[in-house]
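In: can you look at this prediction? I've put the sequence above it.
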Amino acid sequence: MVEDEQADQSTKQSLWQSIRLSILGKYSLYLVNAISMMVLARFFSPDDFGIVAIGAVLFAFSQMLAEAGIGPSIINLRSLSPEDRNGIFSFVILVGMLAATILLLTSREIAIFFGDSRVAVTVHMMAVSILFQSAASLPVALQLRQSRFMIISAAGVAGEIISTISTILLLTNFDPVTSLSAKMPIMAFCQFCVVWWKSQSTEFGRPIPGVRLISIQQILHSSAAQFGFNFLNFFSRNLDSILVGKFIGISALGIYDRSYQLMRYPLLLLSFALVPAIQPALRKFSGQPEEIERMNRYLTIRLALMGVVVGFIVWICADWIVWIVLGPSWTDTARILQILALSIPIQVVAATSGAFYQVMNRMGVLFLAGLVTSSLNGIGMIVGALSGSLVTLSWCIVVTFSLSFMINYLLLYTMVFQIRIWKFARTSGAVALGFVSILAALDIMTRN
């Protein structure tokens, strides 16, 4: 009994040590990113951001294709020879080149689909970004494997600062859409340079292009399932932007995109900053589901309580937040932010779930969870976008995210941990879903 308690305490200490490093690095990056958003919102209009948001969705999709889900697979590897490392590096670069080429060749058709020729410009910029992001995927995974979060964050901070300054300078000689679109390739290039150079001191060393492309086979099985989940998760998280741009309008997309980004900051601060630390810290307990589940509850109840506090603050202060961060010309953003804030607790908790699937090496179940929840979220987004109202879309997102939350954890507990979900439901689940239900009812009553 004493030994179990000591092991439990040791696990918690290991987890929190990794989390502290991850949070310190991520918070530095998020602070710089927030300042960048505040500055750029004063130089560019919602219409400009709407155009670039379309390109950002295409960039995220191409990036997902280029990375092919190799990150978690690399973290779980016990060994990797230099020849295999270099072969995998060449593979992801080639896939990135292919994705970039497809974007360049289809830019005109994409612009026609959204009814604005300026979209082609941002697509061209995103194609360049893909080359550097795909090349950076392996060096980033090597850093994550050893919990070197500060290096990854330093790369992000450098890229954010340099790209923001460059974007403002470009505005003196180029149109707003071209200038704002250029931010992404500049940032991607800076990030790649830092993580690639610093990967020399990692366990597997600095990758260089190699000829042994077949090396991808040793991580193909686990990375394929991870890629499948990423593919589904991409549409779950980005379909709304595509639908808004197509059916509600480019300016509306700019407003919605900034609202969603503001809502995401609490998620970045509370969950996304610590998610990279979970798999490396707990991978040695992958054969102990009860221990992993205990860590899940230990972590998520704290996240749920913090999410409730932050969600309530954002709901109350949405007008002030928009005015301070974006400025007076973005007032339409406040109501959308207020509704989306209702989902903060469930998103804060759910954001960590994927890491626990990965720790248990149950990528197949992760894919199943992604398939079910992405389908549900997609239906809600389609219904909301076809209504022609950002308010209706936002409510649909809150409802479907709540349902997806329940389904996701039901699968995690029954198929991965093989433990009754009641332990989770009466703690983290009750706190997160209870907040959504109570505050949503209060919001509706105060509006009527």
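Out: Received the coordinates, thanks.

In: distance between stretch 136-156 and the chain's centre?
Out: Per Cα atoms, centre = their mean, to the nearest Å, the displacement of stretch 136-156 from the mean C-alpha position of its chain is 16 Å.

In: repeat for stretch 36-56
Out: In terms of Cα atoms, centre = their mean, the centre of stretch 36-56 is set 19 Å apart from its chain centre.

In: could you give the mean pLDDT of it?
Out: For stretch 36-56, the mean per-residue pLDDT is 85.

In: export it as PDB, just CAs?
Out: Provided in PDB are the C-alpha atoms of stretch 36-56 (Å, rounded to 0.1, in the frame of the first residue of the first chain):
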ATOM      1  CA  SER A  36       0.800  40.000 -32.200                       C
ATOM      2  CA  MET A  37      -2.900  39.600 -32.600                       C
ATOM      3  CA  MET A  38      -3.600  42.900 -30.800                       C
ATOM      4  CA  VAL A  39      -1.200  44.700 -33.000                       C
ATOM      5  CA  LEU A  40      -2.300  43.300 -36.300                       C
ATOM      6  CA  ALA A  41      -6.000  43.800 -35.500                       C
ATOM      7  CA  ARG A  42      -5.200  47.600 -35.600                       C
ATOM      8  CA  PHE A  43      -3.600  47.300 -39.100                       C
ATOM      9  CA  PHE A  44      -6.000  44.900 -40.800                       C
ATOM     10  CA  SER A  45      -9.800  44.700 -41.300                       C
ATOM     11  CA  PRO A  46     -12.100  41.700 -40.600                       C
ATOM     12  CA  ASP A  47     -12.300  41.200 -44.400                       C
ATOM     13  CA  ASP A  48      -8.500  40.800 -44.600                       C
ATOM     14  CA  PHE A  49      -8.500  38.300 -41.700                       C
ATOM     15  CA  GLY A  50     -11.400  36.500 -43.400                       C
ATOM     16  CA  ILE A  51      -9.400  36.000 -46.600                       C
ATOM     17  CA  VAL A  52      -6.300  34.800 -44.700                       C
ATOM     18  CA  ALA A  53      -8.400  32.500 -42.500                       C
ATOM     19  CA  ILE A  54      -9.400  30.600 -45.600                       C
ATOM     20  CA  GLY A  55      -5.700  30.100 -46.400                       C
ATOM     21  CA  ALA A  56      -5.000  29.100 -42.800                       C
END
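
In: for it, buried residues please.
Out: 36-37, 40-41, 44, 46-56 (16 or more other Cβ atoms under 10 Å). (Each C-beta comes from the backbone N, C-alpha and C, glycine too.)

In: residues making contact with that stretch?
Out: Applying Cβ atoms under 8 Å, 6 or more residues apart in numbering, the contact partners of stretch 36-56 are 110, 114, 116, 118-119, 122-123, 125-126, 160-161, 164, 167-168, 171, 176-177, 180-181, 183-184, 241-242, 245, 249-255, 257-258, 261, 324-327, 329-330.

In: helices or strands up against the helix or strand hosting residue 132?
Out: Per DSSP states H and E, residue 132 falls inside helix 118-145. In terms of contacts (3 or more Cβ pairs under 8 Å, 6 or more residues apart in numbering; DSSP states H and E), helix 118-145 is packed against helix 46-67, helix 70-76, helix 82-114, helix 149-170, helix 176-181, helix 183-198, helix 275-282.
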